[in-house]
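**Q** Mind looking at a prediction? Sequence and model below.
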Amino acid sequence: MFEKSFITDCEGPLTLNDNAFELAEKCIEDGGELFKILSLYDDYLADIVKKKNYKAGNTLKLILPFFVCENLKNSDMVDFSRNNIYSVSDSKFLLNYLKEAMNIYIVSTSYGQYIEAVSNYMEVPFENTFYTNVDMDSLTLNDDEIEKVREFKQLILENPEDYDLFDDIFFSKIAQMGIYEKIKDIEVVGGLGKKLAIDRIISRDNIDINKMLYIGDSITDVEPLQFARDNGGISISFNGNEYPLKVAEIAIISPSAVTTTVIADIYANNDKTKVLKFIEDYNSSDDLDDLFNRYAIDLKVREKFFEVFNGEDYPIIQIVTDENYEDILKSSKHMRTNIRGQDIGGLG
């Protein structure tokens, strides 16, 4: 075990996917639009209402009855996930390089079927991943319930901002169906769930609480980013939306994960103070090659960085402040939608 841990979200920092959205789009008629509506409802419950015992990322539970209506099974999810992994440029380079420098973990809200496919592709041990465990084969609806759920779908699509209607559908009507007992017991690894995963990692590796780097990009990363920051670790928003940028200390805006590798390389060999000093120097330097030399950044990382950026359009790496927040948010959301697409980039 190394003395420091690199803990990353999956969708965003490593992959361009939103696997659950893509599954919905493929398997359910108007499923992409349905998922986007439910994602906004999920943000509303988590961020505005702050519903008791509700975790950001519960869209993955809300969508399940609609998957059951289409007879989606575990094997379907596995096959789809294996054949539809779209990685952030150089994310495999990032993880392969860090294997020799830090403990590596993927902490994701995504379904386990997708995370297993990603862990195989990225060559990260599956036991070093945390995910939302869903057994589709165990979820069933009778014929009458299927008809009702399909009616609910149409009501949601026709009334996309009627959250009182949604409350009635999900917490009253569907709550009376047998499937609800199994769905409500599913532990979504989002928000607080991700923070609890970090607790397990710290205990498992027996590392100091301040010897971790956490990187995320969405509302499900708020709690772990805040936890890392509050305890002296490194907290990074990677092409994030407003949610992670409100709590992360560092913003990376980049089309390539090699930028993350630079920061992780410095942190693996130094303390947090050195990372923050590098970012300060990065933003004032007119000779990045010399800067990388002075900070003893690994030759492979250095070569990859300058190969990717080739002397122009260098990535944004900044400490987030009240003064630069709006500018960073604008640039970050632009990069997010540019590399992930408008539909996925716009999800919370």
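**A** Perfect, thanks for sending it.

**Q** can you list the weak-confidence ranges in the stretch 201-348 of the chain?
**A** 345-346, 348 (pLDDT under 70).

**Q** Ser87 - how many residues pack around it?
**A** 15 (other Cβ atoms under 10 Å). C-betas here are computed from N, CA, C, even on glycine.

**Q** which residues does it contact?
**A** Taking Cβ atoms under 8 Å, 6 or more residues apart in numbering as the criterion, Ser87 is in contact with Leu14, Thr15, Leu16, Tyr121, Met122.

**Q** if we go to 10 Å?
**A** Listed by Cβ atoms under 10 Å, 6 or more residues apart in numbering, the contact set of Ser87 reads Leu14, Thr15, Leu16, Asn17, Val118, Tyr121, Met122, Ala257.

**Q** Out of those residues, which end up buried?
**A** Leu14, Thr15, Leu16, Asn17, Val118, Tyr121, Met122, Ala257 (16 or more other Cβ atoms under 10 Å).

**Q** Surely Asn71 is in contact with Met136?
**A** Yes. Judged on Cβ atoms under 10 Å, Asn71 makes contact with Met136 at a distance of 9.3 Å.

**Q** who has more neighbours, these two?
**A** Taking other Cβ under 10 Å, Asn71 and Met136 do not tie; Met136 has more neighbours (18 against 12).

**Q** The more buried one and Lys182, how far apart?
**A** 11 Å (Cβ to Cβ, to the nearest Å).

**Q** from the buried ones among the contacts of Ser87, which ones fall inside helices?
**A** Val118, Tyr121, Met122 (DSSP state H).

**Q** Touching, Glu25 and Leu347? I think so.
**A** No. Judged on Cβ under 10 Å, Glu25 makes no contact with Leu347 at a distance of 11.9 Å.

**Q** Number of residues surrounding His315?
**A** Not quite, residue 315 is Pro, not His. By other Cβ under 10 Å, the residues close to Pro315 number 19.

**Q** ok, back up a step: any shared contact partners between Glu25 and Leu347?
**A** By Cβ under 10 Å, 6+ apart, the residues touching both Glu25 and Leu347 are Asp18, Phe35, Lys36.

**Q** tell me which element the closest residue to the second one other than its chain neighbours falls in.
**A** What it means is Phe35. In space, and not counting its chain neighbours, Phe35 is closest to Ala24: 4.1 Å by Cβ to Cβ, 6 or more residues apart in numbering. Ala24 is part of helix 19-27, with elements assigned from DSSP states H and E.

**Q** Would you mind pulling up the elements that that helix packs against?
**A** helix 31-43, helix 59-62, helix 64-69, helix 74-82, strand 103-111, helix 112-122, helix 342-345 (3 or more Cβ pairs under 10 Å, 6 or more residues apart in numbering; DSSP states H and E).

**Q** how does it look with 6 Å?
**A** helix 31-43 (3 or more Cβ pairs under 6 Å, 6 or more residues apart in numbering; DSSP states H and E).

**Q** Give me the packing partners of the helix it packs on, helices and strands only.
**A** Helix 31-43 packs on helix 19-27, helix 59-62, going by 3+ Cβ pairs under 6 Å, 6+ apart.

**Q** Check those for me and report the most buried one.
**A** helix 59-62 (a mean of 25; mean count of other Cβ atoms under 10 Å).

**Q** residue ranges for the helices of the stretch 151-300 of the chain, please.
**A** With helices called from DSSP state H, counting those that start in this stretch, the stretch 151-300 of the chain shows them at 163-168, 179-184, 192-205, 222-230, 242-245, 258-269, 272-282, 288-294, 299-309.

**Q** circling back: for Val78, find the nearest of the helices and strands packed on helix 31-43.
**A** helix 19-27 (11.2 Å; Cβ to Cβ).

**Q** can I get the CA coordinates of that closest one in PDB?
**A** Taking Å, rounded to 0.1, in the frame of the first residue of the first chain, the C-alpha atoms of helix 19-27 are listed here in PDB:
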ATOM      1  CA  ASN A  19     -24.400   4.800 -18.700                       C
ATOM      2  CA  ALA A  20     -27.800   5.000 -17.100                       C
ATOM      3  CA  PHE A  21     -28.900   7.800 -19.400                       C
ATOM      4  CA  GLU A  22     -27.600   5.900 -22.400                       C
ATOM      5  CA  LEU A  23     -29.400   2.700 -21.300                       C
ATOM      6  CA  ALA A  24     -32.600   4.600 -20.900                       C
ATOM      7  CA  GLU A  25     -32.200   6.200 -24.300                       C
ATOM      8  CA  LYS A  26     -31.600   2.800 -26.000                       C
ATOM      9  CA  CYS A  27     -34.200   0.700 -24.100                       C
END
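
**Q** List of residues touching it?
**A** Gly31, Gly32, Phe35, Leu60, Ile63, Glu70, Leu72, Ser110, Tyr114 (Cβ atoms under 6 Å, 6 or more residues apart in numbering).
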